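Participant: next comes the sequence, and after it the predicted model I'd like to discuss.
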Amino acid sequence: MLGALAGATLLPALALPGLSHAAAADAAEPLKEIARRKGLRFGTAVGGGRNQFGDAAYRALVERECGIIVAENEMKWQGLEPARDAYRFGPADAMLAWARDKGMAMRGHNLFWQAEKWLPAWVAREDFGADPKRGVEALMRKHVKTVCEHFGSALDSWDVVNEAVDPADGKLRQNALTRPLGAIEQIDLAFRLAHEYAPHAQLVYNDYMRGDAGSARHRAGVLALLAELKKRGTPVDALGLQSHIGSWDDIDGGKNQGTSGRQRDLAEWRRFLDEVTGMGYGLLITEFDVNDRRLPADIARRDAGVAAAARDYLDLTLSYPGLRDFLLWGMSDNISWLQTWDEAPRKDKLPMRPCPYDAQLRAKPLREAIAAAMRGMPARQA
């Protein structure tokens, strides 16, 4: 979204002269404490694999920096019920127990992921019987009831519906659940069921729209969805901003990457957030990272560009005082999903550097950009 900032000035890792980035981060105030002073919860997604939850050093980094976590895949439907009635709560339960032991909160992600390829394979093949509408309603109720009752009050925020809007045309995605029921009807039902079985929780619609020109239809589709849900009285509390920012938009062949282009993107983003909050919805950042595919190979220049893009985006987005949760999608470069995402790779095939810590868990300029943005944001009302 915010393009190649090759000429940006390199930001210091932390304002502690004479220390390396890693030593400075060890001596610095944890990001969760900076956030807490302003009434914000800061955290990250954590995956259940050996290089995240299974890695003691990575866990220690998360414990030091984060006040809230979200499971990367372990609470998604395909993770919890890979085969019909074959529930697999163990990995998510272990993560939740760890979070509680370390004084971290945890979000739920997610009850329904709308792209059909991300539904459990057995759901996509399900025979919903002679009355498929009732069959879909029964399956959705069973899923929400089982999951929400299992985790109970331990989770105070849920991504109820994930990525319902097709960015190509702004229309609602279709899947095995929406075809019998109707797309808007299925989304409405998902939130009503979540409200019934998790009445204590913040209920969130989560999506990855951005401010660049290539995301215009996506933004419009999300606004239309939120307006329709508001009209129906659907119990949606907030919009989750995935915030996968950086060099995504190819619509102009890279011409929109300079300062004026970035300012246009930010202006569009502010207009979008104003419309969302104007409908009465809250905001949260759910999956932040920075795609650096158009930044130079040189690490110093690349890290400077990532940090500058993050600061622009965060200064704007965190200026909305109703935004109370800010989560990254990974703390260190080596575990980022962007390393294997083939839709927007670096042309030079170098590993991306989208996170505040590098593969050796050393702090980068992005960490200080995040810290500075949180220090500068308005305090949240208690």
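Facilitator: Thanks, I have the structure now. Numbers count the residues shown, from 1 in each chain.
Participant: now for Asp237, how many residues are close by?
Facilitator: Residues lying near Asp237 (other Cβ atoms under 10 Å) number 18. Quick note: C-beta positions are derived from backbone N, CA and C, even for glycine.
Participant: tell me the secondary structure at the residue sitting furthest away from the middle of the chain.
Facilitator: Going by Cα atoms, centre = their mean, the residue of the chain most distant from its centre is Ala130, 38.3 Å out. Under DSSP: H, G, I helix; E, B strand; the rest coil, the three-state class of Ala130 is coil.
Participant: where does the prediction get shaky in this protein?
Facilitator: Where the chain drops to pLDDT under 70, the residues are 1-27, 249-259.
Participant: what about the strands in it?
Facilitator: Ranges of strands in the chain, per DSSP state E, are 41-46, 68-71, 105-113, 157-162, 202-207, 238-241, 244-246, 282-291, 325-328.
Participant: tell me what the fourth one is packed against?
Facilitator: Same thing as strand 157-162. Helices and strands touching strand 157-162, by 3 or more Cβ pairs under 8 Å, 6 or more residues apart in numbering; DSSP states H and E, are strand 105-113, helix 183-197, strand 202-207.
Participant: quick one on the thing from earlier: of the strands of the chain, which is nearest Leu119?
Facilitator: Each of the strands of the chain has some distance to Leu119 by Cβ to Cβ; the shortest is strand 105-113, at 6.9 Å.
Participant: from the contact counts, what lies against the closest one?
Facilitator: Applying 3+ Cβ pairs under 8 Å, 6+ apart, one finds that strand 105-113 contacts strand 41-46, strand 68-71, helix 77-80, helix 90-101, helix 132-151, strand 157-162, helix 183-197.
Participant: can you spell out which helices and strands pack onto the third one?
Facilitator: If I follow you right, that is helix 77-80. Counting contacts by 3+ Cβ pairs under 8 Å, 6+ apart, helix 77-80 is packed against helix 90-101, strand 105-113.
Participant: what residue lies at the spatial centre of the chain?
Facilitator: The chain has Glu287 as the residue nearest its centroid, 2.2 Å off, counting by Cα atoms, centre = their mean.
Participant: who's in contact with that residue?
Facilitator: For Glu287, the contacting residues are 45, 206, 208, 240, 242-244, 327-329, by Cβ atoms under 8 Å, 6 or more residues apart in numbering.
Participant: what residue, apart from its backbone neighbours, is nearest Ala201 spatially?
Facilitator: Among residues not flanking Ala201 along the chain, Trp158 sits closest, at 5.1 Å (Cβ to Cβ, 6 or more residues apart in numbering).
Participant: what bridges to the one you found?
Facilitator: In this structure, Trp158 bridges to Gly108, Leu203 when assessed by DSSP bridges.
Participant: so how far is Ala379 from it?
Facilitator: To Ala379, Trp158 is 26 Å away according to Cβ to Cβ, to the nearest Å.
Participant: neighbour count: these two, which is higher?
Facilitator: Shown here are Trp158 and Ala379; by other Cβ under 10 Å, Trp158 has more neighbours (27 against 10).
Participant: ok, the more buried one touching Met106?
Facilitator: No. Contact criterion Cβ atoms under 8 Å: Trp158 and Met106 do not qualify, at 10.7 Å.
Participant: overlap in contacts of the two?
Facilitator: Among the neighbours of Trp158, none is also in contact with Met106 (Cβ under 8 Å, 6+ apart).
Participant: re earlier: tell me the phi and psi of the residue farthest from the centre of the chain?
Facilitator: Main-chain torsions, Ala130, degrees, to the nearest 10: phi -70, psi -30.
Participant: residues in contact with it?
Facilitator: If you count contacts by Cβ under 8 Å, 6+ apart, Ala130 has none.
Participant: so can I have CSV of the contacts of Glu287 showing distance to Val62?
Facilitator: Listed next are the contacts of Glu287 as CSV, based on distance: Cβ to Cβ, whole Å:
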residue, distance to Val62
Ala45, 10
Asn206, 21
Tyr208, 23
Gly240, 20
Gln242, 19
Ser243, 19
His244, 20
Leu327, 11
Leu328, 10
Trp329, 13
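Participant: could you check how many residues crowd around Arg50?
Facilitator: The number of residues packed near Arg50 is 9, by other Cβ under 10 Å.
Participant: can you check the one 4 residues further on too?
Facilitator: Other residues near Gly54 come to 11 when the count uses other Cβ under 10 Å.
Participant: I'd like to know how far it sits from Trp98.
Facilitator: From Gly54 across to Trp98, the span is 11 Å (Cβ to Cβ).
Participant: cool, Ala92 as well?
Facilitator: Taking Cβ to Cβ as the measure, Ala92 and Trp98 are separated by 11 Å.
Participant: neighbour count for these two, which is higher?
Facilitator: In terms of neighbours (other Cβ under 10 Å), Ala92 is the more surrounded of Ala92 and Trp98; the figures are 23 against 17.
Participant: who's in contact with the more buried one?
Facilitator: Ala92 sits next to 71, 74-75, 79-80, 151 when contact means Cβ under 8 Å, 6+ apart.
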